[in-house]
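Peer 1: Test case, fold it:
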Amino acid sequence: MAMWNLEDIYNFKDTEKLIEEVKKLTEDFKKHRETLSDDISAEDFMKIIKEKEALSEVSLKLGAYAGLKLTENTADPKSIAHETKIDEVLTDLGNEMLFFSLWFKDLDDKKADELIKASGKYHYTLENIRQFKPYTLKEKEEQIINLKDLTGGSAMVRMYDLVTNRFRFDWDNKKVPQEEVTQHYKDPKREVRKKAYDIILSRYKDEEEVLGEIYRTIVNDVKNESIKLRKFKSPISTRNLGNDLPDEAVDALLKTVRKNIGLFQEYFKLKAKVIGLTDMDRYDLYAPFSKDAKEFSYEDSKKIVLDAYKEFNDQAFDMAKKIFDEEHVFSDMTENKQSGAFCWTVSNKTTPYILLNHMNKRKDVFTMAHEFGHGIHGLAAQNRTIFDFHSCLPLAETASTFGEMLLQSKFLKDATDEEKIDLIMNDLDNLYGTVVRQAYFTIFEKDAHALIANNGTVHDLNELYMKNLEEQYGDVVKIPEVFQHEWKYIPHFYHTPFYCYAYAFGNLLVLSLYDMYKKEGKEFIPKYFKILGYGGSESPQTILSEVGVDITKEEFWQKGFDLIKEELDELKGLLDK
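Peer 2: Numbering: from 1, shown residues only. Presented below is the predicted three-dimensional model:
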C-alpha cells in the first residue's frame, strides 16, 4: 500500500509564506486596474496575463495541499480549519482580481478579437471569458456572490461531507466505513447483498431530513444565482456553458440513452438466467456471475495496470510509472479517510496525485487503471497553460475509461470462455453504471431542480427517484422501497451538479475511440495523445473533430450503443456454446 508525499506541492511550513506571496502578487496585479483601457497594447495586455498565470500557480498549490490533506482525515479539526482558511483567502483574493475578467468581458468585440489573436496559446482561455459575458453581473455583485458561496453552496457541500464521511456501519460486529460495506454489493449471496444495501441506504434514510435540506439549499442556490441573477435558461445550461457544450449536444446524448434503455433491460434478463434467478430485483443488479474470488493485492494490481499501459504505448507506461515513482498515490486505509477514488491534477508543473481505497478486488484493479488514466491525461497536457491544461468535464473521462478498456483487453487475451463470459458481463455491468446510470442521474437532476423550484420536499424527491428507476428497469428489475433513498448518497449531486453526464459522454466516446484503435492499431496512438494533449485548450467539438466526431448528432451517440449491442451479442454466442 502507499501514502502520498504532499511536499512535492510545497512544504507545509511555507504555508504562511505562500499566502503572503499570493497576496503580494494580487496587490501588484490590482495596480493594472488603472491602466486597463480600450486602447491597451497587446504587449501590455500579455504582461498582465503572465502575472495572472504566476498568481494562479501559487493559488493552485495552496488549494491542492489543503484539499488533499483534508481527504487523509476528513474529521480532523486542524485539516478542516486549514482548508476553510485557504478557501477564504483564495476567495478574497479572487474577488480582488475580478475586475480584469469583467473588464475583458465588457470590451467591444473588435478590440477583444484583436487581443485574443495576439495572445497565442492563451486564446481559448480568453474566448471562454467572453462566452460568459451575457451572464456576468457587476463587479460588486460578483464579489458578493463569491462571498456568499463560502457560507452558502460551498458550506452546504462541506456539511454534506462532514455528515456522510462520519457514517459508520455495523458489519460483523464492527463499526466500519462505507467502502467496507459497499464491496458486498457484489457478494454471491443475495442475503448479504441485501444486508449491505439495506444498511447503507437505511443510514441515509435516517438522515434524510438533513441531507434533503442540504440538497434543497444547494439546488435553490443554483436557481437563485444561475436563473434569477444570471438569466441562464436552465440550471444545466450553466454546466453546459462551462463545458463549452451546446445544450443540444447534451439533449442528444440523453435522448439516445433513453431510446436504448431496452438494450440493458435485455441484458438484465440474460444476467438473471446466468445467475439462476427467476426474478431479479435491484439487490441483484451487480451480483457476481462466477465463483472466482481471486484477490489482487496492491502490488499485483500495480504491476497489472503498468503492464496494460506498457502494451499500449511506452509513453503511457512512463507517465503512469512516474506517478508511482514520485509517491503521489495514497491507498492506505486510514481512519476517516475520504471514500472512493480520484485523481487531482494540481497544476501543469506538478505530477498528479491519486487517492485509492484498495480492497484487493478485481474492481480495484480497474479503479486503479481508471485513475491512472486521469493522471496520464494530466501529464499529457502539461505543455498547455495553467489556465487550460485541465480537460473540460465531457472529455475528463476519456483517458480514464480508455485505460479501463486496455485493462479489459489484457484480461481477455488469455481468458477461457468462462472467464470471457465473466469479463464481458462485468464490462456490461460497468457500461450500465457509467453510461445509462449516469445519464439517468442527470435526468433525475434536471427533474429534481424543477421540482425543488416548485417547493418539492425530500419525500417528493424520493418519489421522483423511484420513477426514474422504474423507467430504467421497466418490468425486468423489481425495485425495493429502500432504493428511493439512493440519490442521497450520490456525492456529485451535492458537489458538482450535472457532472454525471460527463461519464456517459466519456464512455460512449471511448467506445468509438477504442474501436478505432482496434482497426488502426499503432497508427491511432498519435491521434489519441493529440486529443489528450489538448487538455482544455479548445472546445470539445474542436478537439473531437480530430477523429471525425460530431457531438450534436444522435447518430454519433448511437454508435456507442451499437458497439454495446455487439458485445451483448458476443456474450449470447458464448453462452450458447
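Peer 1: Helices of the stretch 1-150 of the chain, residue ranges please.
Peer 2: Under the criterion DSSP state H, counting those that start in this stretch, the stretch 1-150 of the chain carries helices at the ranges 15-30, 42-72, 77-106, 109-118, 123-131, 139-151.
Peer 1: For the last one, which residues meet the burial criterion?
Peer 2: For helix 139-151, the buried set under the neighbour-count rule, 16 or more other CB atoms under 10 Å, comprises 142, 143, 145, 146, 149. For the C-beta atoms, the positions are set from N, CA and C on the backbone; glycine is no exception.
Peer 1: and what of the fourth one?
Peer 2: Along helix 109-118, the positions that meet the burial threshold by neighbour count (16+ other CB under 10 Å) are 112, 115, 116.
Peer 1: hang on, the earlier thing: what is the lowest-pLDDT residue among the buried residues of helix 139-151?
Peer 2: Between those, the one the model trusts least by pLDDT is residue 149, at 78.
Peer 1: doesn't residue 94 make contact with that residue?
Peer 2: No - using CB atoms under 8 Å, residue 149 is not in contact with residue 94, being 10.3 Å away.
Peer 1: Do you know the pLDDT at residue 171?
Peer 2: Residue 171 carries a pLDDT value of 95.
Peer 1: what's the distance between it and residue 283?
Peer 2: In this structure, residue 171 lies at 16 Å from residue 283, with CB to CB, to the nearest Å as the measure.
Peer 1: cool, and residue 469?
Peer 2: Counting by CB to CB, the separation of residue 469 from residue 283 is 13 Å.
Peer 1: still on that earlier bit, switch the helices of the stretch 1-150 of the chain over to CSV; also include distance to residue 342.
Peer 2: Converted to CSV, those look like this (distance: least, CB to CB, whole Å):
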stretch, distance to residue 342
helix 15-30, 23
helix 42-72, 8
helix 77-106, 16
helix 109-118, 33
helix 123-131, 24
helix 139-151, 22
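Peer 1: for these, which one sits closest to residue 378?
Peer 2: The stretch from these with the least distance to residue 378 (CB to CB) is helix 42-72; that distance is 12.1 Å.
Peer 1: what are the phi and psi angles of residue 175?
Peer 2: When read as degrees, to the nearest 10, the backbone of residue 175 gives phi -90, psi 120.
Peer 1: Contact partners for it?
Peer 2: With contact set as CB atoms under 8 Å, 6 or more residues apart in numbering, residue 175 has these partners: 168, 169.
Peer 1: now do 10 Å
Peer 2: The neighbourhood of residue 175, defined by CB atoms under 10 Å, 6 or more residues apart in numbering, consists of 167, 168, 169.
Peer 1: isn't the last one right up against residue 197?
Peer 2: It refers to residue 169. No - counting by CB atoms under 10 Å, residue 197 is not a contact partner of residue 169; they are 11.4 Å apart.
Peer 1: counting contacts, what elements does the helix or strand of the chain with the lowest mean pLDDT pack onto?
Peer 2: Among the helical and strand segments of the chain, the one scoring lowest on mean pLDDT, DSSP states H and E is helix 139-151, with a mean of 81. Of the remaining helices and strands, those touching helix 139-151 by 3 or more CB pairs under 10 Å, 6 or more residues apart in numbering; DSSP states H and E are helix 77-106, helix 153-165, helix 208-222.
Peer 1: Adding mean neighbour count, distance to residue 477 and mean pLDDT, write those out as a markdown table.
Peer 2: Supplementary listing: the helices and strands packed on helix 139-151 in a markdown table, determined by neighbours: other CB atoms under 10 Å; distance: least, CB to CB, whole Å; pLDDT from 0 to 100:
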| stretch | mean neighbour count | distance to residue 477 | mean pLDDT |
| --- | --- | --- | --- |
| helix 77-106 | 17 | 40 | 93 |
| helix 153-165 | 18 | 26 | 90 |
| helix 208-222 | 19 | 23 | 94 |
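Peer 1: quick revisit: to the chain's geometric centre, what's the distance from the least confident helix or strand of the chain?
Peer 2: With CA atoms, centre = their mean, to the nearest Å as the basis, the distance from the averaged C-alpha position of helix 139-151 to the chain average is 25 Å.
Peer 1: Can you give the contact residues for it?
Peer 2: Counting contacts by CB under 10 Å, 6+ apart, the residues outside helix 139-151 that touch it are 84, 87-88, 90-92, 94-96, 98-99, 101-103, 136-138, 152-158, 221, 224-225, 229-230.
Peer 1: let's see it at 8 Å
Peer 2: Looking at what lies outside helix 139-151 - CB under 8 Å, 6+ apart - the contacts are 87, 88, 91, 94, 95, 98, 99, 102, 136, 137, 225, 229.
Peer 1: go on, stretch 271-289?
Peer 2: When contacts are defined by CB under 8 Å, 6+ apart, stretch 271-289 is touched by residues 185-188, 190, 193-194, 197, 268-269, 421-422, 425-426, 429, 432, 469, 473, 476-480, 483, 575.
Peer 1: and if you look at stretch 223-240?
Peer 2: Outside of stretch 223-240, the residues that reach it under the criterion CB under 8 Å, 6+ apart are 134-137, 141, 145, 219, 222, 241, 246-247, 249-250, 393, 442, 445-446, 449, 452-453, 497-499.
Peer 1: what about the chain, any weak spots by pLDDT?
Peer 2: Across the chain, residues meeting the criterion (pLDDT under 70) sit at 1, 291-293.
Peer 1: Show me it divided up by domain.
Peer 2: Per the record's domain assignment (automatic domain parsing), the chain is made up of the domains 6-151, 172-293+375-577.
Peer 1: hey, which of those is tucked in deepest?
Peer 2: domain 172-293+375-577 (a mean of 18; mean count of other CB atoms under 10 Å).
Peer 1: can you pull the contacts of the closest residue to residue 495 other than its chain neighbours?
Peer 2: Nearest-residue entry for residue 495: residue 157, 5.6 Å, with adjacent residues in sequence omitted and distances by CB to CB, 6 or more residues apart in numbering. Taking CB under 8 Å, 6+ apart as the contact definition, residue 157 lies against 218, 494, 495.
Peer 1: I'd say the second one and residue 216 touch.
Peer 2: No - the pair residue 494 and residue 216 does not pass the contact test of CB under 8 Å, sitting 11.0 Å apart.
Peer 1: about what we covered before: among the contacts of residue 175, which ones are buried?
Peer 2: For those, a burial check counting by 16+ other CB under 10 Å picks out 167, 169.
Peer 1: can you map out the strands along the stretch 201-350 of the chain?
Peer 2: Ranges of strands within the stretch 201-350 of the chain are 280-281, 329-330, 342-344, based on DSSP state E, counting those that start in this stretch.
Peer 1: May I have the strands that pair with the longest one, each with its orientation?
Peer 2: Yep, that's strand 342-344 we're talking about. Taking DSSP bridges as the criterion, strand 342-344 pairs within the sheet with strand 353-355 (antiparallel).
Peer 1: try the second one
Peer 2: The strands that strand 329-330 pairs with in its sheet are strand 353-355 (parallel) (by DSSP bridges).
Peer 1: Any chance you could list what contacts the partner strand?
Peer 2: Under the contact criterion CB under 8 Å, 6+ apart, strand 353-355 has outside partners 4, 6, 64, 68, 71, 323, 328-331, 338, 340-344, 346, 371-372, 374-375.
Peer 1: which of those residues count as buried?
Peer 2: In those, burial by neighbour count holds for 4, 6, 64, 68, 71, 323, 328-331, 338, 341, 343-344, 346, 371-372, 374-375, counting by 16+ other CB under 10 Å.
Peer 1: hang on, residue 152 packs against residue 221?
Peer 2: Yes - applying CB under 8 Å, one finds residue 152 in contact with residue 221, separated by 5.3 Å.
Peer 1: now residue 378: how far from residue 350?
Peer 2: Look at residue 378 and residue 350: by CB to CB, they are 9 Å apart.
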